[in-house]
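Participant: Need coordinates for the following:
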Amino acid sequence: MKLEARILYMDEDLIAVYKPAGLLSHPSADPTRPDLVSWLRTQITAEKLVMHHRLDLETSGLLVLTRSLRACPPLAQAFEQRRIQKTYLAMVKGNPPARGQIDQPLAESGGRVRADRVGKPAVTDFKRLRSKSGYALLELSPRHGRKHQLRVHCLSRGWPIVGDKLYGGEPSQRMWLHAWRLRLEHPVSGEIMNLECPSPEQWGLFGRIAAAE
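Facilitator: Sure thing, here's the model as predicted:
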């Protein structure tokens, strides 16, 4: 597979994997398009392989799946009750403050999402990790899991994610949004787990883009 996924953690109930940008999370109507779940089925055996959250095609990073019947309901409930802490990295164009919160309801129409005061509640906490020449590297922590939440929240503040063609990002070789960390209770043992997926590019493009501005 050209888009190289890899297994980051695995036990008899749970598996954490890296999804590269450009790889579908789930199978599509086109059987010739590669996807993470189909690849994973060639790598492991599972009593019941279930993906409980997804990443957009253009987003890279960490995904967690259950591989046993007993693990499936408790993990699904944890996601539904928002008891799993998600942290992303995003490279944006703009000058965000050092930290803050975006409380902006979202609404969807025709496959696109927009900021809308009568939409569904959506809150994202952010922290600026680095900035240079009008670009910033942000740590983003969504409190809700709305479609395209981070992409639209960044755009709503005037900081489009670099490479996000749908929501005003400037052209790049990829969209620079990465699912970095997950904190959760193991669905069977109850152990607190802190999973991390370092960006394979180490965000080296951040320096190159800023230097070329």
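Participant: contacts and neighbour counts: CA atoms only from here.
Facilitator: Noted.
Participant: Restricting to C-alpha, output stretch 140-151 in CSV.
Facilitator: Extracted C-alpha coordinates of stretch 140-151, given in CSV (Å, rounded to 0.1, in the frame of the first residue of the first chain):
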residue,chain,number,x,y,z
LEU,A,140,-6.9,21.6,19.2
SER,A,141,-9.1,19.7,21.6
PRO,A,142,-12.7,19.4,20.5
ARG,A,143,-15.3,18.9,23.2
HIS,A,144,-17.8,17.8,20.6
GLY,A,145,-17.3,15.6,17.5
ARG,A,146,-19.2,17.5,14.8
LYS,A,147,-18.4,16.9,11.2
HIS,A,148,-15.5,19.1,10.0
GLN,A,149,-15.6,20.9,13.4
LEU,A,150,-12.0,21.8,13.7
ARG,A,151,-11.7,22.9,10.0
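Participant: Tell me where the protein is predicted with low confidence.
Facilitator: Scanning the chain for pLDDT under 70 picks out the ranges 1-3, 200-213.
Participant: ok, the spatially most central residue of it - contacts?
Facilitator: By CA atoms, centre = their mean, the chain has its centre lying nearest to A179, at 3.7 Å. Counting by CA atoms under 8 Å, 6 or more residues apart in numbering, A179 touches 59-63, 86-89, 197.
Participant: do T66 as well
Facilitator: T66 touches 13-15, 48-52, 72, 75, counting by CA under 8 Å, 6+ apart.
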